[in-house]
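> Show me the folded form of this:
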Amino acid sequence: MIGWLQNPAALSALAIGGFINFVISNLFASVAVASTSLMARAWGADDPSFGREILGQALVFSFISALVVLLAGFPLADSLMRLMGLQGEAVALGAYYLQALLLGNLLFFPGIVLFGGMRGSGNTRTPMMVAGLVNLLHILLAYVLIFGAWGFPALGVRGAALAILATNAGGGLIVLFLTWRGQGDFYLRARHLLPRRRLIRQIIRLAGPAFWEQLIFRSAQLVFMRLVSALGEVALAAHQIANSIESVSYMPGWGFGVAGTTLSGQYIGAGQPAMAERSTWRTMYFSLAVLGTFGLLFLIFGRQLASLFGSTPEVIVLASVAIQLGGLEQPGLAVFNVLGGALRGAGDTRSPMLATLAGVLGARILLVYLFAFVFGWGLAGVWLATSIDWTTRAVFLIIFYRQGRWKRTIALPA
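You can find the predicted model right below:
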């Protein structure tokens with residue numbers, strides 16, 4: 001929708017504001033990783049009471065994290081936009097968008113944790129239905145507030161910010177209500193929110209490597225986005241369009257990763273590592289088939305997909321090349337999501353961290369600079385480098401998974 005405004009500054013503001021919040025939310029999503037893994041193992045071991053205790057502690061931790069991030073980030077929004085290379089109108093628009101996201105995180109972060117707990121217990125249907133409802137409302141509200149409809153003024157980027165604030169907060173409230181109401185053995189009560197040092201230590205121990213993995217990747221992403229923004233507003237706008245299109249493939253890829261986490265964790269909790277391994281490889285084959293299909297679609301229809309965003313011809317040309325190169329990323333994404341999820345479900349959050357370190361430092365940052373600036377390939381060089389990054393991570397995870405060290409983490413934390 002922002003693309004149809006045909007204003008590269010607006011797209012750039014959304015790209016940077018949304019990206020900074022994406023970095024922040026993914027850092028603290030490590031708590032959701034820990035709660036998903038522990039919930040899956042608790043359900044596999046037929047110990048839902050342990051799962052409820054873990055979930056309560058993770059919920060409180062996530063709310064406090066969101067509050068700290070809000071208090072620290074809100075007054076720095078303008079400075080962060082300038083640090084990332086935005087200028088003029090884009091600075092104010094990006095800061096407004098980021099501030100709206102930070103406010104919404106007060107309910108969005110806890111919602112992520114509760115969704116993770118639901119998936120760990122084997123319930124992937126409820127998160128899907130809630131996410132579907134929230135996204136439909138988001139599309140409707142964004143249209144009304146961006147372009148003006150039903151008596152509302154046309155607010156452009158500020159309308160997009162208000163729409164995502166409302167829907168992120170609303171989604172968090174819905175999942176909190178569903179969790180408090182309860183479904184079977186999955187529910188929370190006030191007593192589960194009381195601090196328990198032993199459980200908090202377990203969450204931190206498991207979330208630690210996942211946090212460092214995200215910190216490594218997202219810190220590199222900040223450098224990465226700074227390099228992209230150095231290519232100019234047109235390239236940054238094209239990059240945002242290509243990212244938006246490719247993100248459609250992230251959904252099923254991430255879904256297969258959730259399946260890998262849940263199945264692996266539940267089989268490990270039940271003391272069946274052989275079934276955990278079998279389910280992981282089967283899930284990965286499905287993931288490769290689906291994301292491989294997306295890759296072919298991106299390669300064949302890159303120009304047509306980019307044109308859907310209605311931006312300027314120069315932006316569309318750059319975006320179409322990026323989308324086609326994004327097709328090369330899909331096999332690596334398919335493998336990384338599933339094997340990374342399976343390892344985390346088994347309690348091994350260290351191996352995905354090491355694979356991310358190898359891909360990001362060994363491929364992404366160095367190759368982006370080399371391809372985009374030294375060789376002069378511009379945005380095409382950026383997307384070629386990211387394809388090599390995801391392939392590198394996938395290769396490392398295959399090696400780590402086949403070594404079988406994750407099988408020694410089968411005991412549920414005491």
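> Domains in this structure, by residue range?
Split into domains by automatic domain parsing, the chain comes to 1-208, 231-414.
> looking at those domains, which has the lowest confidence?
With a mean of 83, domain 1-208 has the lowest mean pLDDT of the domains of the chain.
> Can you get me the start-to-end distance on that domain?
Using CA to CA, to the nearest Å, one end of domain 1-208 lies 38 Å from the other.
> roughly how far out does stretch 102-120 sit from the chain middle?
The chain centre lies 12 Å from the centre of stretch 102-120; the measure is CA atoms, centre = their mean, to the nearest Å.
> Stretch 86-99 now?
22 Å.
> ditto for stretch 52-62
Relative to its chain's centre, stretch 52-62 lies at 20 Å (CA atoms, centre = their mean).
> got a list of contacts for it?
Stretch 52-62 has contacts (CB atoms under 8 Å, 6 or more residues apart in numbering) with 28, 31-32, 34-35, 38-39, 42, 109-110, 112-114, 116-117, 179, 185-188, 191-196, 199-200, 202-203. (C-beta placed from N, C-alpha, C; glycine too.)
> how about the CA coordinates for that stretch, as CSV?
This file holds the C-alpha atoms of stretch 52-62, laid out as CSV (Å, rounded to 0.1, in the frame of the first residue of the first chain):
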residue,chain,number,x,y,z
ARG,A,52,2.5,-23.8,32.7
GLU,A,53,5.1,-22.7,35.2
ILE,A,54,7.7,-22.0,32.5
LEU,A,55,5.1,-20.1,30.3
GLY,A,56,4.2,-17.8,33.2
GLN,A,57,7.8,-16.9,33.9
ALA,A,58,8.4,-16.3,30.2
LEU,A,59,5.3,-14.1,29.9
VAL,A,60,6.5,-11.8,32.7
PHE,A,61,10.0,-11.7,31.3
SER,A,62,8.7,-10.7,27.9
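> residue boundaries of the helices in the stretch 151-300 of the chain?
For the stretch 151-300 of the chain, the helices defined by DSSP state H, counting those that start in this stretch cover 157-181, 197-229, 233-269, 273-307.
> Make JSON lines out of the domains of the chain and add distance to Phe224 and mean neighbour count.
Shown next, in JSON lines, are the domains of the chain (distance: least, CB to CB, whole Å; neighbours: other CB atoms under 10 Å):
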{"stretch": "domain 1-208", "distance to Phe224": "9", "mean neighbour count": "20"}
{"stretch": "domain 231-414", "distance to Phe224": "6", "mean neighbour count": "21"}
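> Put together CSV for those domains, with distance to Gln214 on each row.
Formatted as CSV, the domains of the chain follow (distance: least, CB to CB, whole Å):
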stretch, distance to Gln214
domain 1-208, 5
domain 231-414, 8
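> quick one: which of those domains is nearest Ile216?
domain 231-414 (5.5 Å; CB to CB).
> So which of the helices of the stretch 151-300 of the chain is nearest Val374?
Nearest to Val374, of the helices of the stretch 151-300 of the chain and by CB to CB, is helix 197-229 at 11.8 Å.
> Can you lay out the helices of the stretch 151-300 of the chain as CSV showing distance to Arg344?
Output for the helices of the stretch 151-300 of the chain, formatted as CSV (distance: least, CB to CB, whole Å):
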stretch, distance to Arg344
helix 157-181, 21
helix 197-229, 7
helix 233-269, 6
helix 273-307, 11
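> which stretch among those comes nearest Leu361?
Checking those against Leu361 by CB to CB gives helix 197-229 as the closest, at 7.1 Å.
> so the closest one versus helix 233-269, what angle?
For helix 197-229 against helix 233-269, the angle by axes from the mean of the first three to the mean of the last three CA atoms, to 10 degrees is 150 degrees.
> Please tell me how far the residue of the chain most remote from its centre sits from Val144.
Relative to the centre of the chain, and counting by CA atoms, centre = their mean, the farthest-placed residue is Gly151 at 34.8 Å. In this view, Gly151 and Val144 are 9 Å apart by CB to CB, to the nearest Å.
> my guess is Phe224 meets Val368, correct?
Yes: in this structure Phe224 lies within contact range of Val368 using CB atoms under 8 Å: 6.1 Å.
> wouldn't Leu335 be in contact with Leu288 here?
Slight slip there: residue 335 is Val, not Leu. Yes: counting by CB under 8 Å, Val335 touches Leu288, with 7.1 Å between them.
> Can you say which of the domains of the chain is nearest to Leu215?
Of all these, domain 1-208 sits nearest to Leu215, with 6.0 Å by CB to CB.
> gap between the closest one and the chain center?
The mean C-alpha position of domain 1-208 is separated from the chain mean by 10 Å, CA atoms, centre = their mean.
> Kindly report the same for stretch 310-318.
Mean C-alpha position of stretch 310-318 versus that of the full chain (CA atoms, centre = their mean) differs by 26 Å.
> what about dumping the CA coordinates of it to CSV?
Taking Å, rounded to 0.1, in the frame of the first residue of the first chain, the C-alpha atoms of stretch 310-318 are listed here in CSV:
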residue,chain,number,x,y,z
GLY,A,310,3.1,0.1,-8.3
SER,A,311,6.2,2.1,-7.6
THR,A,312,8.4,4.0,-10.1
PRO,A,313,9.8,2.1,-13.1
GLU,A,314,13.4,2.4,-11.8
VAL,A,315,12.4,0.9,-8.5
ILE,A,316,10.5,-1.9,-10.2
VAL,A,317,13.5,-2.9,-12.4
LEU,A,318,15.8,-3.1,-9.4
